[in-house]
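*Asks:* sequence-free structure coming up:
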């Protein structure tokens, strides 16, 4: 099966598990709404690509981990869209979850997905054997305090912001975890591969800032201009549009250069290059000549 | 060390772990505010007492699990107190966390504590060996969908409520998990011991309903009359004050009768009897003659 089909199949298995009786019907519906149809699955696809490149020693653990990352990502989107944060009306071209199901269920759905992610990895990642504890810890660190996405989001509540810690945690953490976890499950070394994710994560953040500043709400499926309206740190506000575009090109180049030697390097390079192209095109930045 | 000291020491270790650099300072402060000074620690003490009664075969796993349960309980209180649920002003005699740190940090603190609970159990419960995966799953099931506290709270968002599923999930799940997990870590059998927690959990819920209907806000450290104001299902609204008091006595008796044979039965009986007395006294219900 292609990566996309594998991920969708795994997410459907997870939904069946979580929404079985006696799950309250509206909570079950909210879970489904949160997960499918999904977004670009950029993080789980990255995990599977890296696991494959490293030798794919524990495919069950790689897939469980990839799906768990996606659940964490979905949970973070739902909570970020809530009125006390972005107060977003739309997400993926549909009403944001709290606009469809109400704020209480949105909060609970996010909570439940966080639990489900770590639970699913423990239950279904067992072919990871000795690396399963490291995978579990990797996933938890990418989300919780002191340096996961929860910490990243929390920097917005400080009077003085540590910009590097903010970006590394808010966007970088899940991307680093995507490549580090893929490496662990595949038979590679987490730290070296984490750098690839970190660069891609930063690239993704800069691209997001560019889209937020320049983008078209209908095309994105979510509101634009939010960073400036909320006075949030943004690469565009810091570097200007052209500076941010150049930063994005540099990050993509650094990401490609950081890929460690591994059995499946050529195929992985092609995958990452395609992703990078999509990132650049998504915010209308021309690739370096 | 006494159970109380063990729990406090473990919670302090957890806080040190989660709030290390580069944790945003206000998030770190919110974590500390959320955890210490703690509540009655009724769930973690129950876990340790049951583990002890069963033979205490993996004391590290029992303690990590007990502390993880307490983190989940704290997370659920923080999220329940938010404006979209109870909109509570106070908790444990102090401002509720969102009143002290704002709604965004309250939401994030709850999210982070959920991650931390499952992470800590995985990291520190390793002396549990072969039972660690079951402990992890037990904890996750007690919190997530389809039947954990997230599901329990979600029943309040349904137009038709399954009262039994609601109570079992909202309060019972963490109590059943307290005794079942203690049994697993101690060397006993989860299912038989889960029943003790289920009865105690239901007793605690009925006692809470009685206190909410009759109690004194200053004495409780949180607002009263919330169930009726929010039209929530409550044993007092269902059975009346005397009916609820009788139900509470019955549940306490059933809990005591359900304790399975085990090496440390007499000491455990004494602990549970003391807890039961405290529950009854807390809502001014006389024990059965």
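*Replies:* Everything's here; your move. This is a predicted model, so every value here is computed, not measured.
*Asks:* CA atoms for contacts and neighbours, from now on please.
*Replies:* OK.
*Asks:* where does chain A have low pLDDT?
*Replies:* A:216-224, A:230-231, A:287-289 (pLDDT under 70).
*Asks:* quick check: residue A:256 touching residue A:270?
*Replies:* No: judged on C-alpha atoms under 8 Å, residue A:256 makes no contact with residue A:270 at a distance of 9.8 Å.
*Asks:* can you give me the helices in the stretch 1-150 of chain A?
*Replies:* A:3-18, A:25-35, A:42-54, A:59-80, A:97-101, A:103-124, A:132-143, A:149-154 (DSSP state H, counting those that start in this stretch).
*Asks:* out of the ones you listed, deepest packed?
*Replies:* Mean neighbour count, computed with mean count of other C-alpha atoms under 10 Å in any protein chain shown, is highest for helix A:149-154 among the helices of the stretch 1-150 of chain A, reaching a mean of 29.
*Asks:* for that helix, which helices and strands make contact with it?
*Replies:* helix A:132-143, helix A:163-167, helix B:25-35, helix B:103-124 (3 or more C-alpha pairs under 8 Å, 6 or more residues apart in numbering or on different chains; DSSP states H and E).
*Asks:* can you say which of those helices is nearest to residue A:78?
*Replies:* Of all these, helix B:103-124 sits nearest to residue A:78, with 11.8 Å by C-alpha to C-alpha.
*Asks:* does chain A sit close to the closest one?
*Replies:* Yes: Helix B:103-124 reaches chain A (C-alpha under 8 Å from any C-alpha of the partner chain) through B:103-105, B:108-109, B:111-116, B:118-119, B:122-123.
*Asks:* ok, these vs chain A, which is closest?
*Replies:* residue B:112 (4.7 Å; C-alpha to the nearest C-alpha).
*Asks:* ok, back up a step: as TSV, the helices and strands packed on helix A:149-154 with distance to residue B:276 would be great.
*Replies:* Compiled in TSV, the helices and strands packed on helix A:149-154 are given as follows (distance: least, C-alpha to C-alpha, whole Å):
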stretch	distance to residue B:276
helix A:132-143	37
helix A:163-167	47
helix B:25-35	24
helix B:103-124	27
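*Asks:* and residue A:256 and residue A:270? Which one has more around it.
*Replies:* residue A:256 (18 against 12; other C-alpha atoms under 10 Å in any protein chain shown).
*Asks:* please list all residues in contact with that one.
*Replies:* Each residue near residue A:256 by C-alpha atoms under 8 Å, 6 or more residues apart in numbering or on different chains is listed here: A:196, A:269, A:272-273.
*Asks:* let's see which of those residues end up in helices.
*Replies:* Of the contacts of residue A:256, the ones assigned to helices by DSSP state H are A:196, A:269, A:272-273.
*Asks:* surely residue A:60 and residue A:132 touch.
*Replies:* No: checked against C-alpha under 8 Å, the pair residue A:60 and residue A:132 is beyond contact range at 10.8 Å.
*Asks:* who touches both of these two?
*Replies:* Joint contacts of residue A:60 and residue A:132 (C-alpha under 8 Å, 6+ apart) are A:125-126.
*Asks:* follow-up on the earlier one: go through the contacts of residue A:256 and say which is closest to residue B:18.
*Replies:* Using C-alpha to C-alpha, those come closest to residue B:18 at residue A:196, 25.5 Å.
*Asks:* burial check on that closest one, number of neighbours?
*Replies:* Going by other C-alpha under 10 Å, the residues that sit close to residue A:196 add up to 26.
*Asks:* element containing the residue nearest to it when sequence neighbours are not counted?
*Replies:* Leaving aside its sequence neighbours, residue A:196 sits nearest to residue A:255 (C-alpha to C-alpha, 6 or more residues apart in numbering or on different chains; 5.2 Å). Take DSSP states H and E as the rule and residue A:255 turns out to sit in helix A:235-257.
*Asks:* buried ones in that helix?
*Replies:* A:235-237, A:241, A:244-249, A:251-256 (16 or more other C-alpha atoms under 10 Å in any protein chain shown).
*Asks:* mind listing what whichever residue of the stretch 101-250 of chain A sits closest to chain B touches?
*Replies:* When distances are taken as C-alpha to the nearest C-alpha, the stretch 101-250 of chain A reaches nearest to chain B at residue A:146, 4.1 Å away. Contact analysis of residue A:146 by C-alpha under 8 Å, 6+ apart lists B:18-24.
*Asks:* and if we set it to 10 Å?
*Replies:* Listed by C-alpha atoms under 10 Å, 6 or more residues apart in numbering or on different chains, the contact set of residue A:146 reads A:152, A:165, A:169, B:17-25, B:27-28, B:112.
*Asks:* please apply the same query to residue A:276.
*Replies:* Here residue A:276 is in contact with A:200, A:203-204, A:248-249, A:251-253, A:255-256, A:270, A:282, A:287 (C-alpha under 10 Å, 6+ apart).
*Asks:* what is the nearest of the contacts of residue A:146 to residue A:189?
*Replies:* Nearest member of the contacts of residue A:146 to residue A:189, counting by C-alpha to C-alpha, is residue A:169, at 20.9 Å.
*Asks:* burial of that closest one, as a residue count?
*Replies:* Neighbour tally, residue A:169, other C-alpha under 10 Å: 32.
*Asks:* the nearest residue to it once chain neighbours are set aside: what's it in contact with?
*Replies:* Excluding the flanking residues, the one nearest residue A:169 by C-alpha to C-alpha, 6+ apart is residue A:152, at 4.4 Å. When contacts are counted by C-alpha under 10 Å, 6+ apart, residue A:152 touches A:143-146, A:162-173, B:23-24, B:108.
*Asks:* show me which of those residues are buried.
*Replies:* For the contacts of residue A:152, a burial check counting by 16+ other C-alpha under 10 Å picks out A:143-146, A:165-173, B:23-24, B:108.
*Asks:* just these now: which is nearest residue B:260?
*Replies:* Closest to residue B:260, out of all of those and judged by C-alpha to C-alpha, is residue A:144, at 38.0 Å.
*Asks:* which residue, other than its chain neighbours, is closest to the closest one?
*Replies:* Per C-alpha to C-alpha, 6+ apart, closest to residue A:144 is residue B:112, 4.7 Å.
*Asks:* and the one you found, what is it in contact with?
*Replies:* Counted by C-alpha under 10 Å, 6+ apart, residue B:112 has contacts A:111, A:114, A:140-141, A:143-146, A:148-151, B:18, B:27, B:31, B:71-72, B:75, B:106.
*Asks:* closest to residue B:47 among the buried ones among the contacts of residue A:152?
*Replies:* residue A:144 (25.0 Å).
*Asks:* thought that closest one was touching residue B:120?
*Replies:* No: counting by C-alpha atoms under 10 Å, residue B:120 is not a contact partner of residue A:144; they are 11.3 Å apart.
*Asks:* what's the overlap in contacts for those two?
*Replies:* With C-alpha under 10 Å, 6+ apart as the test, residue A:144 and residue B:120 both reach residue B:18.
*Asks:* so which residues on the stretch 151-289 of chain A come close to chain B?
*Replies:* A:151-162, A:165-166, A:169 (C-alpha under 10 Å from any C-alpha of the partner chain).
*Asks:* next, give me the two most distant ones among those.
*Replies:* Largest separation among those by C-alpha to C-alpha: A:159 and A:169, giving 17.3 Å.
*Asks:* counting neighbours, what do you get for residue A:86?
*Replies:* Neighbour number of residue A:86 under other C-alpha under 10 Å is 15.
*Asks:* out of everything not next to it in sequence, what's closest to it?
*Replies:* Residue A:86's closest residue in space is residue A:80 (C-alpha to C-alpha, 6+ apart), at 6.0 Å.
*Asks:* return the residues in contact with the one you found.
*Replies:* A:74, A:86-88, A:110, A:153, B:104, B:107-108.
*Asks:* my guess is residue A:36 contacts residue A:11. True?
*Replies:* Yes: in this structure, residue A:36 is within contact of residue A:11 by C-alpha under 10 Å, at 8.2 Å.
*Asks:* now residue A:166: how far from residue A:250?
*Replies:* Between residue A:166 and residue A:250 the computed distance is 20 Å (C-alpha to C-alpha, to the nearest Å).
*Asks:* and what of residue A:273?
*Replies:* From residue A:273 to residue A:250 the distance is 13 Å (C-alpha to C-alpha).
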